[in-house]
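*Asks:* Starting from these lines, generate the structure:
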Amino acid sequence: MDVNKIKITPIENSQEIVVPFDMRWDLLSREESYLQEEQEIIKKVIGQPSNYELVRFSRRPIANNTQQVYQFNFYSASTDTWHNTYFTKLTVDDVRFQSNAYRNSFFKLDFYDSTLPQTQRIYLTAILGTYQSDIDFFATLGVPPPVLPCIRYRIISFISAENLFTFTDCCGEEQSWNDDDGETTLDFCVPFGSTGVYQYIFEEDEDITTINLVFDGTDYDIFQNLNIFVIENVCECEVEEEIPDNSYIIYRPQFTLDHVGNTEGYYLYWYEDPTLLNITQFFMRAKYFDAATGTYTTFTVNPQSNYANRYTLPNDDFYVRVDLNYPGKVYELVDIATNNILTTNIWYEYVNPPVI
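*Replies:* Numbers count the residues shown, from 1 in each chain. Coordinates of the predicted model:
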């Protein structure tokens, strides 16, 4: 059989043979890639679970102030105005001895997603119990406390005549003052609705002129050199000791909430994920549940006397806006009409029209 004859002779010089092996090592992590792909497929099939974790929102600090104050004013038919006192709803003894009518009453703050009653939904509720109320004043034992809060007045007298001003202060003590000692101005704290008497006589006159005053928020410009006017809507009995031995505490429907101390109702607990319900604003409405009568009343942001028709109010005036800041986990209360931030949220009881 004929075949090709090939002769291979060794080459004295060294030669290099290049073998093209694949040096990439991707196959070593193939199992991890399978697991990752499996997780992606599962997410697409069954969906990714939502984040229902709740977090705590606190009031946004303003000038290092973190307090949030809620002040509730009840309507007094006798004075046709609103006062920050429980005495228009409860008796003095109810407040003094904290009866069941007082302790079982509470304020309820409801947070809605809108102000439209037809479509709104309630998402949060906060309860403020009467036991959280701020101290109004210390009443003296044996002296009936004022039925309505105390009010601070100022009297300025420059008249050149014998004069005497007498009144009963918020501690129930009889006081008198005249400007004979050179003091022409006096600031005084009196129970709302109480009375005082100013008397004077000029040298050329024989009769004493007497002026009866009612301290119900009225300013008196008697004549050019005698003026009596309000300087503060609320004041309290001025005592030397912080808590006198012969006294007891009267509370007002006002709540000062903060991180420490009175914390109940201060925090809002809401979802961490802002896209879960896509809510960045709530609209808060306030109600008072009266344990003495078993009824409740609602509140507005302005007294009804501010309106031409006191029984026809804009719907938004029953609400305060609550803005949520998700990154900072803070909230702030905002007046809807003015867009002002409310560190003190003042509410006024809404009074229904009389039944004819």
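*Asks:* what about the residue lying closest to residue 270 once chain neighbours are set aside, how many residues close to it?
*Replies:* With sequence-adjacent residues excluded and distances taken as CB to CB, 6 or more residues apart in numbering, residue 270 is closest to residue 57, at 5.9 Å. All C-beta atoms are positioned from the backbone trio N, CA, C, and that covers glycine. Using other CB atoms under 10 Å, residue 57 is surrounded by 20 other residues.
*Asks:* How much space separates residue 57 from residue 116?
*Replies:* Distance, residue 57 to residue 116, by CB to CB, to the nearest Å: 24 Å.
*Asks:* what's the answer for residue 285, then?
*Replies:* Residue 285 is 12 Å from residue 116, by CB to CB.
*Asks:* neighbour-wise, which of those two wins?
*Replies:* Higher neighbour count among residue 285 and residue 116: residue 285, with 20 against 11, using other CB under 10 Å.
*Asks:* shouldn't the more buried one be in contact with residue 107?
*Replies:* No - applying CB atoms under 8 Å as the test, residue 285 and residue 107 come out as separate, 11.2 Å apart.
*Asks:* for the stretch 201-350 of the chain, which spans come out with low pLDDT?
*Replies:* Applying pLDDT under 70 to the stretch 201-350 of the chain picks out residues 204, 224, 239-244.
*Asks:* Strands of that one, start to end?
*Replies:* Under the criterion DSSP state E, counting those that start in this stretch, the stretch 201-350 of the chain contains strands at 209-214, 220-223, 226-235, 247-252, 254-257, 268-271, 281-290, 295-300, 320-325, 330-334, 344-349.
*Asks:* Of all residues in this protein, which one is nearest the centre?
*Replies:* residue 70 (3.1 Å; CA atoms, centre = their mean).
*Asks:* So in terms of bridging, what pairs with that one?
*Replies:* Bridge pairing for residue 70 (DSSP bridges) gives the partners residue 255, residue 345.
*Asks:* Pull the contacting residues for it.
*Replies:* 107, 109, 128, 254, 255, 257, 286, 345, 347 (CB atoms under 8 Å, 6 or more residues apart in numbering).
*Asks:* List just the nearest of the residues you listed to residue 263.
*Replies:* Of all the contacts of residue 70, residue 257 has the smallest distance to residue 263: 6.7 Å, by CB to CB.
*Asks:* Hmm, that closest one is touching residue 333, no?
*Replies:* No - using CB under 8 Å as the test, residue 257 is too far from residue 333 to be in contact (11.4 Å).
*Asks:* and stretch 345-353, which residues are buried?
*Replies:* Neighbour counts over stretch 345-353 (16 or more other CB atoms under 10 Å) mark 345, 346, 347, 348, 349, 350, 351 as buried.
*Asks:* The last one and residue 75 touch, don't they?
*Replies:* Yes - shown here, residue 351 and residue 75 form a contact pair, counting by CB under 8 Å, at 5.0 Å.
*Asks:* coming back round to it: can I get the strands of the stretch 201-350 of the chain in a markdown table with distance to residue 161?
*Replies:* Listed next are the strands of the stretch 201-350 of the chain as a markdown table, based on distance: least, CB to CB, whole Å:
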| stretch | distance to residue 161 |
| --- | --- |
| strand 209-214 | 9 |
| strand 220-223 | 11 |
| strand 226-235 | 10 |
| strand 247-252 | 38 |
| strand 254-257 | 42 |
| strand 268-271 | 61 |
| strand 281-290 | 50 |
| strand 295-300 | 47 |
| strand 320-325 | 51 |
| strand 330-334 | 52 |
| strand 344-349 | 42 |
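*Asks:* right, so of the ones you listed, which gets closest to residue 38?
*Replies:* Minimum separation from residue 38 across those (CB to CB) falls at strand 268-271, 29.8 Å.
*Asks:* Pull out the buried positions in that closest one.
*Replies:* 268, 270, 271.
*Asks:* Neighbouring strands of that strand in the sheet, and parallel or not?
*Replies:* strand 54-59 (antiparallel).
*Asks:* State the mean pLDDT of the strand it pairs with.
*Replies:* Strand 54-59 shows a mean pLDDT of 94.
*Asks:* go on, stretch 146-153?
*Replies:* pLDDT averaged over stretch 146-153 gives 89.
*Asks:* So what touches that stretch?
*Replies:* 76, 79, 83-85, 87-88, 92, 136-137, 170, 187-194, 215, 217, 228-237, 252.
*Asks:* How about the secondary structure of residue 196?
*Replies:* Counting by DSSP: H, G, I helix; E, B strand; the rest coil, the backbone at residue 196 sits in strand.
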